[in-house]
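# would you be able to build a 3D model of this:
(2 chains)
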Protein chains: 2
Amino acid sequence: MSRDLKAKNLDLETGANIILVNERDAALLNIHPGDRLNAIDGSRSAIAIANITDIVPNGIAGVTKNLKDELRARNGDKIELAPAEQPKSLVAIKEKINGKRLGYEEFYEIVKDGLNKRLNNDELTAFVVALSIYGLDLEEAEYLSNAMINTGERLDLGKKRVYDKHSIGGVPGDKTSLLVVPIVASAGLTIPKTSSRAITSAAGTADRAEVLMPVTLSTSEMRRIVNKTNGCLVWGGAVHLAPADDMFIKIEYPLSIDPLLLPSIMSKKRAVGSTDLVLDIPTGETAKIKTREEASLLVKDFITLGERMHISIRGAVTNGQQPIGNAIGAAAEAQEALAVLERKREVPDVVDKVASIAGILIEMSGRKGGKSIAENIIRRGIAEKKLRQIIAEQGGDEKIRSEDIRLGEHSVSVAARNSGRVLSIDNIALAYTTRLAGAPLMKSASIIMHKKLGAEVRKGEPLFTIYSDSAPKLAAAEKYALTSDPVLVASGSKMLLKEIYEKRFAPRRFVLER
Amino acid sequence: MSRDLKAKNLDLETGANIILVNERDAALLNIHPGDRLNAIDGSRSAIAIANITDIVPNGIAGVTKNLKDELRARNGDKIELAPAEQPKSLVAIKEKINGKRLGYEEFYEIVKDGLNKRLNNDELTAFVVALSIYGLDLEEAEYLSNAMINTGERLDLGKKRVYDKHSIGGVPGDKTSLLVVPIVASAGLTIPKTSSRAITSAAGTADRAEVLMPVTLSTSEMRRIVNKTNGCLVWGGAVHLAPADDMFIKIEYPLSIDPLLLPSIMSKKRAVGSTDLVLDIPTGETAKIKTREEASLLVKDFITLGERMHISIRGAVTNGQQPIGNAIGAAAEAQEALAVLERKREVPDVVDKVASIAGILIEMSGRKGGKSIAENIIRRGIAEKKLRQIIAEQGGDEKIRSEDIRLGEHSVSVAARNSGRVLSIDNIALAYTTRLAGAPLMKSASIIMHKKLGAEVRKGEPLFTIYSDSAPKLAAAEKYALTSDPVLVASGSKMLLKEIYEKRFAPRRFVLER
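Modelled structure (predicted):
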């Protein structure tokens, strides 16, 4: 049942322990693609996943990097292959494909083996596709959330109540967290905020915060800062809280699916010990969530799952028809947020959203009139002071002024082609324009909106300005903006919104932000 | 929007055109995993699929073999990357995941791009998993069948009626086709039989036939032989009829799913021009199909799909509770089939099954009393003569006698541990035992059954004998047979069939044979 092959180390990093075997050897050894094998090299052995291929000749076992390291294999070593058991995780994935509900142990095995590279990409893809089609019921969502928590680190602050906010994303310019954290921390509540970088958007909260301060901190630094200031603004990818999320995102993105929305968010929140959470659901035709009905259903699921996981949740369905404030892109958004706290700019929609969400959190702590308390904290400069304290503790320059923040050195304005009112704004096209200009990696790549919904516009007036440090990127962004026409200006009686003349293969637009 | 990287050719055959880019370059270029890129090297360009990885350093584009060949890339060449459109096939796969019914054009794009390596494994996996979960309705099954036909060769014999038989498999020892083809051809009907090699079983019909004659023939040789003899026994993997089937099997096997059962079979049949088909569905607890109800439902689907595709289909639900005849394994089965036609052995269940199925085909041609005609053709030696004619035309030794066929040189018998009757036989365990002995690649690896269902057995009597040319393989097969106990001997009143004490992670046993 075993046969010796000669090792050949391939300069090939596949993540998983993969062994490559020729078709004929595979037939002789009764090996099929994806089979688990016990690969033995002298006194060492490791479980490997079989890959049947013609790139290795007869008699050769192609050893990928991970496996080489485990076996300490040298070229020409005799490699013995014997059948190994299917991991429980793979059995569970097959059961999920066949429609079985899975239990905690099964989800845990899948997440653990995925993180340890004991499952290959095809197998993880099959799992995520099956979840996407069947959906997760709330019990399964709880199990999967717990599996994601228990395969990562946890932050224990030793507090009774820990507050948090989360936006499910999908609207550009949403710098809410940058303001809510210092307001809520100023009100005496503990808010250890972790956030993500952009995936399909122009900027994530981690990207925005990084304009003001370092965000790549360890869990222990995070604990120290929160103990001192009540809050923080940290990149979730650096702390190892629920690390499985990144693994799943890599599989979801290429297929434009997001079945792990609930477990992903809830596991991140539980891992920092959150007890009270406001969930912001921007809603609009070109946001991630399209209608208030859809938003309500989602909030209901979150609240029920929250009850199971001992997190009290309130949903905030917010206006997501257009960008929040006027700035899109990490630098421009950090600038706008700071300018609001410095009371140098009036941006009414930003202040209203921020005060509303901070207000709910304050009320969850038992106080009344949360929104006015929040507005007051901004107005009296307390939030600005708190943000500067957090910036200092995270290792940034606490003296930074909004005027110091630089946007892209090249810029171009897009003008209205006709007079009228702004009837609709395409969030996805604006985000993509900013990305073409260099976002999210180039933080200075930005859009500043000059006209928002309902504004009266005359032909030739600038609608928005694009900034970039790269002239060719700016040109690409401008070209796209001119053809995609993200700001629709027309008379109020314009009824034809879009003509459809494409063939049916139109890719669905997809926002993967959590 | 484009940036130059330096080419590094990786000695890496991935099938698809894959380009490897560092995470930082990917971020700068706004590239995500699975994105389609236009890779330009001087005057040449090719569409490549992005793979984001840390194995290539900043500034380097890792070029896999396929892509290298298309671009004629040399190490150090400047590679420019620009976004390319998503292929229609990928859009269609995403739509399928979201539950959309697909049309012919969409299935065609998926099959074509899959065969041309324009889709990566994860994407094909997602497609097959989605098909497995949603199921295919009959219209979709027809579209997919036609897509599989139109991406391969077709056999045109210029005949009005072309007959065929197909077993959906799952029962060991099923040498039916080896006998039905010469019987039906003797009756004057055209039967251009293609068949597959074993996937999870001990032998496929192509493996069995190969003991008697070459089976790796081209489509044109197939045509010549059928024109001369009315029949043939050819390996479907050599002729390029519906080649997509192999591609899908490689994805289905590791996940133990088989959503393409109908399109796979129907496309192969239509590609050889079949108009009349008997579908054999062996049914039994350890066969692929477990119950007669399940078999009836499956036949109904085939008949309806057949009507759409102009193939007249009759279903034959056959007894699949135990192996057909006494021989399992390519050589032993070819020997038994030949011995029956030579009228040297009486194997009543083989003759009954063969005559029944050949009889149905004969009746489909308009004649009455098909089964007696078939029995008569065997009894009078006409089928033997026809088989020898086919053997000669396919390039084999037409004088071969069943006694000439050699089984494995080592053998061991498994004896009854107690007296009683044979109450049940585990087909899957028998097939796996034969595989451990060396099947399907070692054709001499075999099992000969001495006792079948209902037989009275005394303690110590041999139940079956295992043969192999390899002593270690024989030992492994014996060890497995002794623990899995494939032939259950007990008194008729034994009620406890199995004790279950395992934990829940018991892998489902899966037969992928068509």
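
# helices along the stretch 401-514 of chain A, start to end?
Using DSSP state H, counting those that start in this stretch, the helices found in the stretch 401-514 of chain A span residues A:427-436, A:471-484.

# now the residue of the stretch 201-350 of chain A found nearest chain B. Nearest residue, chain neighbours left out?
The nearest approach of the stretch 201-350 of chain A to chain B comes at A:Pro254, 2.9 Å away (Cβ to the nearest Cβ). From N, CA and C alone the C-beta is placed, and that goes for glycine too. In space, A:Pro254 comes closest to B:Gly34 once its chain neighbours are excluded; the distance is 2.9 Å by Cβ to Cβ, 6 or more residues apart in numbering or on different chains.

# what's the residue of the stretch 201-350 of chain A closest to chain B in contact with, if anything?
Residues counted as contacts of A:Pro254 (Cβ atoms under 8 Å, 6 or more residues apart in numbering or on different chains) are B:His32, B:Pro33, B:Gly34, B:Asp35, B:Asp122, B:Glu123.

# what helix or strand does A:Pro192 sit in?
strand A:191-195 (DSSP states H and E).

# please disregard the earlier target; I meant A:Met222.
helix A:219-229.

# other SSEs contacting that helix?
Here helix A:219-229 touches strand A:191-195, strand A:231-235, helix A:382-393, going by 3 or more Cβ pairs under 8 Å, 6 or more residues apart in numbering or on different chains; DSSP states H and E.

# cutoff 7 Å now
Judged by 3 or more Cβ pairs under 7 Å, 6 or more residues apart in numbering or on different chains; DSSP states H and E, helix A:219-229 is in contact with strand A:231-235, helix A:382-393.

# follow-up on the earlier one: in a markdown table, list the helices of the stretch 401-514 of chain A along with mean neighbour count.
Converted to a markdown table, the helices of the stretch 401-514 of chain A look like this (neighbours: other Cβ atoms under 10 Å in any protein chain shown):
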| stretch | mean neighbour count |
| --- | --- |
| helix A:427-436 | 25 |
| helix A:471-484 | 18 |
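
# number of nearby residues for A:Thr291?
Here the number of neighbours of A:Thr291 (other Cβ atoms under 10 Å in any protein chain shown) works out to 13.

# which residues touch it?
A:Thr283 (Cβ atoms under 7 Å, 6 or more residues apart in numbering or on different chains).

# can you list phi and psi of it for me?
With angles defined as degrees, to the nearest 10, A:Thr291 sits at phi -130, psi 160.

# quick check, pLDDT for it.
For A:Thr291, the model assigns a pLDDT of 90.

# could you check how far it is from A:Val422?
21 Å (Cβ to Cβ, to the nearest Å).

# ok, A:Val489 next?
Using Cβ to Cβ, A:Val489 is found at 6 Å from A:Val422.

# need the overlap of contacts for these two.
The contact lists of A:Val489 and A:Val422 share A:Val457, where a contact means Cβ under 7 Å, 6+ apart.

# these two: which has the busier surroundings?
Neighbours were counted for A:Val489 and for A:Val422 using other Cβ under 10 Å; A:Val489 has more, 24 against 20.

# from what I see, that one and A:Gly420 are in contact.
Yes: at 4.7 Å, A:Val489 counts as touching A:Gly420 under the criterion of Cβ atoms under 7 Å.

# now do the shared contacts for those two.
Residues within reach of A:Val489 and of A:Gly420 at once, by Cβ under 7 Å, 6+ apart, are A:Val457.

# low-confidence regions, the stretch 351-500 of chain A specifically.
Low-confidence segments of the stretch 351-500 of chain A, defined by pLDDT under 70: A:492, A:494, A:497-500.

# which parts of it sit against chain B?
Residues of the stretch 351-500 of chain A lying close to chain B by Cβ under 7 Å from any Cβ of the partner chain are A:Arg435, A:Leu436, A:Leu441, A:Lys473, A:Ala476.

# thinking the third one is in contact with B:Ala26, fair?
No: taking Cβ under 7 Å as the contact criterion, A:Leu441 and B:Ala26 are not neighbours in contact, 9.5 Å apart.

# more neighbours, these two?
Of the pair A:Leu441 and B:Ala26, B:Ala26 is the one with more neighbours under other Cβ under 10 Å, namely 20 against 17.

# state the distance from that one to chain A.
Plainly put, B:Ala26 is 9 Å away from chain A if you go by Cβ to the nearest Cβ, to the nearest Å.

# can you tell me the closest non-neighbouring residue to that residue?
B:Ile52 (4.6 Å).

# cool, and A:Lys94?
In space, A:Lys94 is closest to B:Ser256, 5.1 Å off (Cβ to Cβ, 6+ apart).

# tell me how far the one you found lies from B:Pro462.
34 Å.

# nearest to A:Leu482, out of the helices and strands packed on helix A:219-229?
strand A:231-235 (34.4 Å; Cβ to Cβ).

# surely A:Asn51 is in contact with A:Gly34?
No: using Cβ under 7 Å, A:Asn51 is not in contact with A:Gly34; the gap is 8.2 Å.

# distance from the chain centre to stretch A:111-129, please.
Centroid separation for stretch A:111-129 versus its chain: 19 Å, with Cα atoms, centre = their mean, to the nearest Å.

# quick one: buried residues of that stretch?
A:111-115, A:117-129 (16 or more other Cβ atoms under 10 Å in any protein chain shown).

# same question for stretch A:365-385.
So for stretch A:365-385, counting by 16+ other Cβ under 10 Å, buried means A:Gly370, A:Lys371, A:Ile373, A:Ala374, A:Glu375, A:Asn376, A:Ile377, A:Ile378, A:Ile382, A:Ala383, A:Glu384.

# between those residues, which is nearest A:Asp404?
Looking across those and measuring by Cβ to Cβ, the closest to A:Asp404 is A:Glu384, at 14.6 Å.

# for the closest one, which non-adjacent residue is spatially closest?
Closest to A:Glu384 by Cβ to Cβ, 6+ apart is A:Leu341, at 4.0 Å.

# isn't the one you found right up against A:Ala383?
Yes: judged on Cβ under 7 Å, A:Leu341 makes contact with A:Ala383 at a distance of 5.2 Å.

# which neighbours do these two share?
Going by Cβ under 7 Å, 6+ apart, residues that sit against A:Leu341 and also against A:Ala383 are A:Leu179.

# so is the helix or strand that the strand holding A:Pro192 is followed by next to chain B?
Next in sequence after strand A:191-195, counting helices and strands by DSSP H and E, comes helix A:205-210. No: against chain B, helix A:205-210 shows no contacts by Cβ under 7 Å from any Cβ, the least distance being 10.9 Å.

# give me the contact list for helix A:205-210.
Applying Cβ under 7 Å, 6+ apart, the contact partners of helix A:205-210 are A:175, A:177-178, A:195-198, A:215, A:233, A:235, A:330, A:333-334, A:440, A:443.

# model confidence over that helix, on average?
Helix A:205-210 comes out at a mean pLDDT of 97.

# from B:Lys78, how far out is the residue of the stretch 301-450 of chain A found nearest chain B?
The stretch 301-450 of chain A approaches chain B most closely through A:Leu441 (4.4 Å), counting by Cβ to the nearest Cβ. A:Leu441 is 21 Å from B:Lys78, where distance means Cβ to Cβ.

# cool, A:Glu409 as well?
Relative to B:Lys78, and taking Cβ to Cβ, A:Glu409 is found at 26 Å.

# strands of the stretch 201-350 of chain A, start to end?
A:231-235, A:276-283, A:312-319, A:327-328 (DSSP state E, counting those that start in this stretch).

# for the third one, packing partners?
This means strand A:312-319. strand A:276-283, helix A:292-308, helix A:348-364.

# orientation of the shortest one relative to helix A:292-308 in degrees?
Yep, that's strand A:276-283 we're talking about. Per axes from the mean of the first three to the mean of the last three Cα atoms, to 10 degrees, the angle that strand A:276-283 makes with helix A:292-308 is 160 degrees.

# which other residues reach strand A:276-283?
Outside strand A:276-283, the residues touching it (Cβ under 7 Å, 6+ apart) are A:161, A:163-168, A:170-171, A:174, A:176, A:269, A:289, A:291-292, A:295, A:298-299, A:302, A:306, A:311-318, A:320, A:357, A:360-361, A:364.

# perfect, that will be all.
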